[in-house]
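Participant: need coordinates for the below:
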Amino acid sequence: MTKISNLNKKIKIYADGPELNQINKKIIFNIDGYTFNPSLFRKLGVKNYLEFCKKILKKCSNKPISFEVFGDDEETMFRQAIILNKLSKNVFVKIPIVYTNGKTTKKLIKRLVQKKIKLNITAIFTFKQIKTILPIVKNSNCILSIFAGRIYDCGFDAKKEMRIMNNFIKKNSKCKSLWASCRMPYDIISAIESKTDIITMGIPMIEKIKNFKLSKEKYSQLTVKQFFIDAKKSNYKL
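Facilitator: From the prediction side, this is the model:
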């Protein structure tokens, strides 16, 4: 059985795409920050991107909050980054590691670093991508969001790759690494063991961490009980 009492002392926990009424609420742990992207905004039913960012910041102005640009060329993304940066001092502007054509955004990242804009470089999948941009961001407080869950989706051992990238990041920069795109609550353990600085998880997944308190036998019993209750509610007959 994994103890959960000290997990939040070993890694920063950010909530990914929470509802407005979930911001600043304790969800098992005190949440250390928040992350959003256009897909999460769409899921939340957001109609006005900028206004919703402002609503979030009214709820929380003292924790790191990442908002993402959604252009697909250097000048559009640069302009959007400036707008988002001006919203609040606790905003980290999320910049994808590549454009939709697969070309690197390192020139854009360099311009924004020179402007001293706090960045969250997102959708990182490879060690090569880290090595490409680290010389640019190494002296900044940049967050490097590595999509560990989707690395697993590609059939690779994300935990092993995270160890390699984390060691390189820590030896060569002031940047913080972030385990993104979680697939299961146990990812928080993998993130800690691979020496990741931050993990971002959806609220439902954070809430599932409470199951770490259960024995496997107890969880087995609860699972069977849930199947029984669902069958009874459905009035199934054989």
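
Participant: center of the chain - which residue?
Facilitator: By Cα atoms, centre = their mean, the chain has its centre lying nearest to residue 200, at 3.3 Å.

Participant: tell me which helix or strand it sits in.
Facilitator: strand 198-201 (DSSP states H and E).

Participant: could you point out which element follows that strand?
Facilitator: Next helix or strand after strand 198-201 toward the C-terminus (DSSP H and E): helix 203-208.

Participant: who are the packing partners of that next one?
Facilitator: When contacts are defined as 3 or more Cβ pairs under 8 Å, 6 or more residues apart in numbering; DSSP states H and E, helix 203-208 packs onto strand 12-16. Just so you know, the C-beta spots here come from the backbone N, C-alpha and C atoms, and that holds for glycine as well.

Participant: hmm, back to that, what is the residue nearest to the centre of the chain paired to in the beta sheet?
Facilitator: On the basis of DSSP bridges, residue 200 is bridged to residue 14.

Participant: what's the burial count for residue 15?
Facilitator: When neighbours are defined as other Cβ atoms under 10 Å, residue 15 has 24 of them.

Participant: quick one, what contacts the closest residue to it other than its chain neighbours?
Facilitator: Of all residues not flanking residue 15 in the chain, residue 31 sits nearest, at 4.9 Å (Cβ to Cβ, 6 or more residues apart in numbering). Listed by Cβ atoms under 8 Å, 6 or more residues apart in numbering, the contact partners of residue 31 are 13-15, 24-25, 63, 206.

Participant: isn't the residue nearest to the centre of the chain up against residue 36?
Facilitator: No - using Cβ atoms under 8 Å, residue 200 is not in contact with residue 36, being 9.9 Å away.

Participant: who touches both of these two?
Facilitator: The contact sets of residue 200 and residue 36 overlap at residue 16 (Cβ under 8 Å, 6+ apart).

Participant: what ranges do the helices span in this protein?
Facilitator: Per DSSP state H, the chain carries helices over the ranges 7-10, 38-43, 49-59, 74-85, 106-114, 127-137, 148-153, 158-172, 187-193, 203-208, 216-233.
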